[in-house]
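Peer 1: Here is the input, now give the coordinates:
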Amino acid sequence: MPESEPPASHRRDPGPVIDAGRAARPPLVKPRFGVADLPDQRGRTIMVTGANNGLGLQAVTTLAGAGARVVLACRDLERAASALESVRAAGRAAGSAAEHVLVRLDLSDLASVRAAAAETAAAVGSVDVLINNAGVMAIPKGTTADGFETQFGTNHLGHFALTDAMLPLLLRAEAPRVVTLASIAHYGGTIDLEDPNFDRRPYERMAAYRQSKLANLIFSAELARRAAAAGSPLISIGAHPGVAATNLFDSMLPPIPGLASLTRLGMRIVVNSEADGALSQLYGATMPDVENGDYLGPEGLRGMRGPVTRCGRSQSARDPELARELWELSVEMTGADFAALRP
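Peer 2: Here you go, the predicted model:
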């Protein structure tokens, strides 16, 4: 590489590219996938982080309506109690007798991550699918309980540690899956392996968010590679919702009464609704044609809306050396070593 060219972890991607792996894979069997296309989920247990609102709530109510037992992993148990009632109602309406589970999970605290996995293990015998859905976006600079920059620590490191802690439960399932939500914001994102917490470089809200979402997508692909190398039945899938009209954008708005609701209403006209935004993770969690290493989401309007398809990803998201280095850094930062995947 020329001396003047920055390392891959610092390069800004020019925009969407179609990677060779995606291009070689067949089209999805349900190119116009909707809720009605979900296979019967009776007998399956699916854990969803951030299940009390937004895309997570859409996912858990839909999955319960298809017969699944759902584990709602949420930070705010008061708000989650209402979500649990919605899930139970959806299950009852579908004639399902599944007993749903609510566990407290604060992804910004590794002690809470480990406790949530232990609580889940005490409540269920195995987990078929883990959906790493929760996240924060474009918030002011802060740190997690463990001293990490909040967006990187919550969106990436929290889910990295949770997936490791959940592996024993996942590997008891016949065909376990991990679905990790990324974002079209990963385009243009960079990962500074020397300063992931913005200790030395200036903090910028969207730069931190893009870094965390690029890390999510790299993690999903590297987990797929490592699971395959270990001969594990686990498959790992990345997904993105397009641009969905959820409360994730509220932190970017001025504190004017009613503005957040009005903004979401206007967004639904142009981009995805919450229900449509959840379809990519639902496809990844349930459909039989999903392949290890897939990245699913809409590609219309430059990825903002449209039916679920196999997506391209940025050059950084396909960089094997960056993936290895990010994995090793994440192990060092969290202590999660994925020992359950070792042959």
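Peer 1: for the stretch 101-250 of the chain, what are the low-confidence residue spans?
Peer 2: Residues of the stretch 101-250 of the chain meeting the criterion pLDDT under 70: 244-250.
Peer 1: All the strands of it, residue numbers only.
Peer 2: If you assign secondary structure with DSSP state E, counting those that start in this stretch, the strands in the stretch 101-250 of the chain sit at 101-104, 129-132, 177-181, 235-239.
Peer 1: what's the most buried one of the ones you listed?
Peer 2: Each of the strands of the stretch 101-250 of the chain was given a mean neighbour count from mean count of other CB atoms under 10 Å, and the largest, a mean of 30, is that of strand 129-132. Any C-beta I mention is one placed from the backbone N, CA and C, and that applies to glycine too.
Peer 1: Pull that one out as CSV, backbone CA atoms only.
Peer 2: As requested, C-alpha coordinates have been extracted for strand 129-132 and formatted as CSV (Å, rounded to 0.1, in the frame of the first residue of the first chain):
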residue,chain,number,x,y,z
VAL,A,129,-32.0,-17.5,17.8
LEU,A,130,-30.4,-14.5,19.4
ILE,A,131,-31.3,-11.2,17.7
ASN,A,132,-28.9,-8.4,18.7
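Peer 1: Which strands border it, and is each parallel or antiparallel?
Peer 2: strand 45-49 (parallel), strand 177-181 (parallel) (DSSP bridges).
Peer 1: Which residues does that strand contact?
Peer 2: Identification of contacts with strand 129-132 by CB atoms under 8 Å, 6 or more residues apart in numbering yields 44-49, 56, 59, 159, 162-163, 166, 170, 176-181, 216, 281, 284-286.
Peer 1: what do you get if the cut-off is 6 Å, keeping everything else the same?
Peer 2: For strand 129-132, the external contacting residues (CB atoms under 6 Å, 6 or more residues apart in numbering) are Ile46, Met47, Val48, Thr49, His159, Met166, Arg177, Val178, Val179, Thr180, Gln281, Ala285.
Peer 1: Now the two most distant members of those residues.
Peer 2: Met166 and Gln281 (16.2 Å; CB to CB).
Peer 1: and the two? which has more neighbours close in?
Peer 2: The residue with more neighbours, out of Met166 and Gln281 and counting by other CB atoms under 10 Å, is Gln281; that gives 31 against 24.
Peer 1: Provide the count of other residues in contact range of Arg305.
Peer 2: Each residue near Arg305 was counted by other CB under 10 Å, and the total is 20.
Peer 1: Make sure it is actually in contact with Gly242.
Peer 2: Yes: distance between Arg305 and Gly242: 4.9 Å, which falls inside the contact criterion (CB atoms under 6 Å).
Peer 1: Could you check how far Val243 is from Leu157?
Peer 2: Using CB to CB, to the nearest Å, one obtains 25 Å as the distance from Val243 to Leu157.
Peer 1: Around Pro320, count how many other residues there are.
Peer 2: 12.
Peer 1: quick one on the thing from earlier: so which of Val243 and Leu157 has more stuff around it?
Peer 2: Under the neighbour definition other CB under 10 Å, Val243 and Leu157 were set side by side, and Leu157 has more, 27 against 22.
Peer 1: Could I get the full set of helices for the stretch 51-200 of the chain?
Peer 2: Along the stretch 51-200 of the chain, the segments classed as helices by DSSP state H, counting those that start in this stretch run 54-65, 77-93, 110-123, 150-151, 159-170.
Peer 1: Any chance of these in CSV with distance to Val35 as columns?
Peer 2: Written out in CSV, the entries for the helices of the stretch 51-200 of the chain read as follows (distance: least, CB to CB, whole Å):
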stretch, distance to Val35
helix 54-65, 6
helix 77-93, 11
helix 110-123, 26
helix 150-151, 30
helix 159-170, 25
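Peer 1: where do the helices sit along the stretch 201-343 of the chain?
Peer 2: Using DSSP H, counting those that start in this stretch, the helices found in the stretch 201-343 of the chain span residues 205-229, 259-270, 274-277, 279-286, 300-303, 320-334.
Peer 1: which other residues reach the longest one?
Peer 2: Pointing back at helix 205-229 there. Contacts to helix 205-229, defined as CB under 6 Å, 6+ apart, come from residues 137-138, 151-152, 155-156, 180, 182-183, 185-186, 189, 191, 234, 236, 238, 292-293, 317, 323, 326-327, 341.
Peer 1: what about burial for those, which qualify?
Peer 2: When neighbours are counted using 16 or more other CB atoms under 10 Å, these contain these buried positions: 137-138, 151-152, 155-156, 180, 182-183, 185-186, 189, 191, 234, 236, 238, 292-293, 317, 323, 326-327, 341.
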